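*Asks:* how does the following fold in three dimensions:
(chains A, B, C and D)
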Protein chains: 2
Amino acid sequence: MNKKTAEGTGARSGIKAVAELAGVGIASVSRVLSGQPGSSPQMTQRVLEAARQLGYAPNLLAQSLRRRATHSIGFVGSDINNPLIASIVSGAESVLSVARYSVLLTNSGGIPSVDAERIEVLLQRQVDGLIVLPALEDDPATLAALRNTQAPVVLIDRTLPADIPAHYVLSDHYQGVGDAGRHLLSAGHRRIGLVVGRDVRPTRERIRAVEDAYDGFGTPRDLVVHRGTLSAEHGEEALEAMLSSETPPSAVILGGNQLLEGALRAVDRRKLQLGVDLSLICCDDVPLSRFHQPPIATVMRDTALLGKRAAEVLLAQLESPGKTEPVTLPTWFEPRQSCGRFHPGR
Amino acid sequence: MNKKTAEGTGARSGIKAVAELAGVGIASVSRVLSGQPGSSPQMTQRVLEAARQLGYAPNLLAQSLRRRATHSIGFVGSDINNPLIASIVSGAESVLSVARYSVLLTNSGGIPSVDAERIEVLLQRQVDGLIVLPALEDDPATLAALRNTQAPVVLIDRTLPADIPAHYVLSDHYQGVGDAGRHLLSAGHRRIGLVVGRDVRPTRERIRAVEDAYDGFGTPRDLVVHRGTLSAEHGEEALEAMLSSETPPSAVILGGNQLLEGALRAVDRRKLQLGVDLSLICCDDVPLSRFHQPPIATVMRDTALLGKRAAEVLLAQLESPGKTEPVTLPTWFEPRQSCGRFHPGR
DNA sequence: TTGAAAGCGGTACCAT
DNA sequence: ATGGTACCGCTTTCAA
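*Replies:* A predicted model of the protein is given here:
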């Protein structure tokens, strides 16, 4: 298929080689290739032809250095293995890639110091912007790293001190978990367990939501909060702990999808029947949970949308910087058999 | 906490500013900061102090341009939402990040032309290497893109024409699926359905494995192969099609984890009891599948390891280029209730 | 040991 | 419309 001689010898040729072959100046080549106006049709032809012959491909590194823009953004999350995070990344990537931005992905493993370190590296790589899901909202190193840049930063499901110039895309956990709580209370549950992660916005909102639900029922806040990491292991531990207490809760809300697997292990071991012996509600969808026996009631949200919105906010800032209002996306409660049927208050 | 004056004014200062503040030459700063030998203790001190004061952070773009190495690698996959891919990425990222490499992540959506395009962009960004999971093994554009570089390329679960210089990390699908097939055959199944994706290595190996299993039993190859994408939708379609045929298979092997959800929809709709009315085996683990009622038999593999090995092979090539033998990682069959109990051949 | 200067591969200003 | 050239921020001879 080689028309001429050295077509596609490997993308080694630079703009200089193209200029030589075309017998024109370097500046002209740059103009034509970057689609700037002010080139005669002949010039355009010659350059394009030469570039094609040499199989020229621009060195984006050099271009970025000179233009002071890399057309790349950094994503810092805890763990891409979490389908929640994966979905967010995926959503963000989809809108960024149509805008021709590349994504630098980093996993911090949920370790605050790693968050900070990774943010620093990404900034050194001169990313144009950052989408961050930090493990903590008040880690000094992370905050320092974030303060250390002019590049726009979008946070997902976290709120940072006001002195950090950042943009926010949040989920309305309060609504979904509130509905879940009210559902349980009107089903007669009076002692509800809530498994949560670290003290970040979703955790606070979920607790507040259930507390307010109790208040709305004029019932004492008999809420059992279990804190830890949002892992399957913690899900198991948390359920074990709650269920073996003197006065175990009759319903449990899991504040994270990863908890479900562990929770089910504990439930299985104790041969409890979900929806009968214990009501269970999970926050965030898990692939097969609606096919579980019984199906697992879930507080849903569109996680891909979370990533998309974050990317959109970021792109908008890249266009024209400025302050923005937080974007809040809905969550909703989907009752399923695992949270049982109504039965009169005890 | 600001010791001196302008400490941390934003990472705007370059190596030049450091040199000026320290009252030394630029070259010396570079030497000290990049840890090269041949600097007096005083020089080292002065430079370090100046850098600290200015909150200097290197511009990795400039460094990469000059060094002709970016310390970054590109990952091209179909869809990070697939927990399988997510796990691979995660595994790769974990070993790359300890080697201080950054990862550029791209989703192709399983579209061959997008694969090619994304590979091209990553190469223009001068990634030092590539880990690729292309949708097809013979897409001309993708192959051309891959041929277009000196950078080492590692393929996962794909084999390319011999003229492409690439390295391979593969799964031994033949073993796991073979065991699954033999399990079904000895349980008395004679007509087995196999749902697969496009014509890539895993698909071929799985078909071959079941065929050989039939042969090993001296039984006619009564295999029903259904081809399509590896989506939940296709899983549903495939099962609908197979189950509504005149002579439906009594057992089905799903050649991809995403198929399971769809398959379960079809099974539920028909009120079939898995392990009794129909035996089902899924390739690759799905989070809750072992908690399903009944638990889903699965052909397992360590997907994170797949990513780790790929990264290791890549790093080794970056150290010292050369040809390598394909790395093959095991798969194994885990029988569970969904594939029923033994019952005599019909 | 140290620093001046020549690039890396582009972009963009400025004069022609 | 075109091309020379300074420069982006850093590394790396090379000479002092």
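*Asks:* residue of chain A nearest DNA strand D, please.
*Replies:* In chain A, the residue that lies nearest DNA strand D is A:Gly25 (2.5 Å; CB to the nearest atom of the strand). No exception for glycine: its C-beta is placed from N, CA and C like everyone else's.
*Asks:* chain A: strands as residue ranges?
*Replies:* A:72-77, A:102-107, A:129-132, A:153-156, A:167-171, A:192-196, A:223-227, A:251-254, A:279-283, A:297-301, A:327-329, A:331-334 (DSSP state E).
*Asks:* in its sheet, what does the fourth one sit against?
*Replies:* Using DSSP bridges, strand A:153-156 pairs in its sheet with strand A:129-132 (parallel), strand A:167-171 (parallel).
*Asks:* with the shortest one instead?
*Replies:* Based on DSSP bridges, the pairing partners of strand A:327-329 within the sheet are strand A:167-171 (parallel).
*Asks:* chain center to the partner strand, what's the gap?
*Replies:* Centroid separation for strand A:167-171 versus its chain: 10 Å, with CA atoms, centre = their mean, to the nearest Å.
*Asks:* excluding its backbone neighbours, what's nearest the spatially most central residue of chain A?
*Replies:* Per CA atoms, centre = their mean, the C-alpha nearest to the average position across chain A is that of A:Ile88, at 3.9 Å. Once flanking residues are discounted, A:Ile88 sits nearest to A:Gly307: 3.9 Å by CB to CB, 6 or more residues apart in numbering or on different chains.
*Asks:* let me see the domain layout of chain A.
*Replies:* Domain assignment for chain A by the TED database gives A:15-58, A:71-172+A:303-328, A:173-301.
*Asks:* picking that back up, how close does the residue lying closest to the residue of chain A closest to DNA strand D once chain neighbours are set aside get to A:Leu33?
*Replies:* Excluding its sequence neighbours, the residue lying closest to A:Gly25 (CB to CB, 6+ apart) is A:Ala19, at 6.2 Å. From A:Ala19 across to A:Leu33, the span is 10 Å (CB to CB, to the nearest Å).
*Asks:* ok, and which of the strands paired with strand A:153-156 has the densest surroundings?
*Replies:* With neighbours defined as mean count of other CB atoms under 10 Å in any protein chain shown, the strands paired with strand A:153-156 peak in mean count at strand A:129-132, which reaches a mean of 25.
*Asks:* for chain A, which residue gets nearest to chain B?
*Replies:* Residue of chain A nearest chain B, by CB to the nearest CB: A:Gln293 (3.6 Å).
*Asks:* wait, doesn't that residue sit right on B:Pro295?
*Replies:* No - contact between A:Gln293 and B:Pro295 fails when scored by CB atoms under 8 Å: they sit 10.8 Å apart.
*Asks:* ok so, going back, let's have the strands paired with strand A:153-156 in JSON lines, adding mean pLDDT and distance to DNA strand D.
*Replies:* Below are the strands paired with strand A:153-156 laid out as JSON lines (pLDDT from 0 to 100; distance: least, CB to the nearest atom of the strand, whole Å):
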{"stretch": "strand A:129-132", "mean pLDDT": "98", "distance to DNA strand D": "18"}
{"stretch": "strand A:167-171", "mean pLDDT": "98", "distance to DNA strand D": "25"}
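*Asks:* figure out which of the ones you listed is closest to B:Ser113.
*Replies:* For the strands paired with strand A:153-156, proximity to B:Ser113 was assessed by CB to CB; strand A:129-132 is nearest, at 26.9 Å.
*Asks:* restricting to C-alpha, output the closest one in CSV.
*Replies:* Provided in CSV are the C-alpha atoms of strand A:129-132 (Å, rounded to 0.1, in the frame of the first residue of the first chain):
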residue,chain,number,x,y,z
GLY,A,129,-7.8,20.1,35.3
LEU,A,130,-8.5,17.6,38.0
ILE,A,131,-11.5,15.4,39.0
VAL,A,132,-11.0,14.3,42.5
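*Asks:* contacts for that strand, please.
*Replies:* A:73-77, A:92, A:115, A:119, A:122-123, A:146, A:149, A:151-156, A:158, A:307, A:310-311, A:314, A:317-318 (CB atoms under 8 Å, 6 or more residues apart in numbering or on different chains).
*Asks:* so where's the stretch 51-200 of chain A uncertain?
*Replies:* Regions of the stretch 51-200 of chain A meeting the criterion pLDDT under 70 are absent.
*Asks:* get me the contact residues on it for DNA strand C.
*Replies:* A:56-59, A:62-63, A:65-67 (CB under 7 Å from any atom of the strand).
*Asks:* and for A:Gln36, nearest residue in space, chain neighbours not counted?
*Replies:* Per CB to CB, 6+ apart, closest to A:Gln36 is A:Ser30, 8.0 Å.
*Asks:* that neighbour and A:Gly14 touch, don't they?
*Replies:* No - taking contacts as CB under 8 Å, A:Ser30 lies outside contact range of A:Gly14: 11.0 Å.
*Asks:* picking up where we left off before, A:Gln293 and B:Pro295 - which one has more neighbours?
*Replies:* Between A:Gln293 and B:Pro295, B:Pro295 has the larger neighbour count (other CB atoms under 10 Å in any protein chain shown), namely 18 against 13.
*Asks:* how near is the more buried one to B:Cys282?
*Replies:* B:Pro295 sits 11 Å away from B:Cys282, going by CB to CB.
*Asks:* do the same with A:Val177
*Replies:* Distance of A:Val177 to B:Cys282, computed by CB to CB: 32 Å.
*Asks:* which one's more surrounded, those two?
*Replies:* The neighbour count for A:Val177 versus B:Cys282, taken as other CB under 10 Å, is higher for B:Cys282 (30 against 27).
*Asks:* so the more buried one touches B:Ile296, yeah?
*Replies:* Yes - counting by CB under 8 Å, B:Ile296 is a contact partner of B:Cys282 at 5.4 Å.
*Asks:* what residues do the two have in common as contacts?
*Replies:* In contact with both B:Cys282 and B:Ile296: B:260, B:289, using CB under 8 Å, 6+ apart.
*Asks:* now the phi/psi pair for the closest residue to A:Lys323 other than its chain neighbours, please.
*Replies:* Nearest residue to A:Lys323, sequence neighbours excluded (CB to CB, 6+ apart): A:Pro165, at 7.9 Å. Backbone torsions for A:Pro165, taken as degrees, to the nearest 10, come to phi -80, psi 100.
*Asks:* count the neighbours of A:Pro165 for me.
*Replies:* 14.
*Asks:* can you check A:Ala251 too?
*Replies:* A:Ala251: 25 neighbours (other CB under 10 Å).
*Asks:* quick one: it from B:Val327, how far?
*Replies:* 49 Å.
*Asks:* do A:Thr106 as well
*Replies:* From A:Thr106 to B:Val327 the distance is 25 Å (CB to CB).
*Asks:* wait, A:Thr106 sits on A:Ser78?
*Replies:* No - using CB under 8 Å, A:Thr106 is not in contact with A:Ser78; the gap is 10.1 Å.
*Asks:* which bits of chain A sit near DNA strand D?
*Replies:* Residues of chain A lying close to DNA strand D (CB under 7 Å from any atom of the strand) are A:24-28, A:31, A:38-40, A:42-43, A:62, A:65-66, A:68.
*Asks:* low-confidence regions, the stretch 201-346 of chain A specifically.
*Replies:* Short version for the stretch 201-346 of chain A, where the test is pLDDT under 70: A:342-346.
*Asks:* for it, what spans make up the helices?
*Replies:* All helices of the stretch 201-346 of chain A, identified by DSSP state H, counting those that start in this stretch, fall at A:201-217, A:232-243, A:258-269, A:303-319.
*Asks:* which among these is found nearest to DNA strand C?
*Replies:* helix A:303-319 (15.3 Å).
*Asks:* ok, back up a step: give me the buried entries from the residues of chain A next to DNA strand D.
*Replies:* A:24, A:28, A:31, A:39, A:43, A:62, A:65 (16 or more other CB atoms under 10 Å in any protein chain shown).
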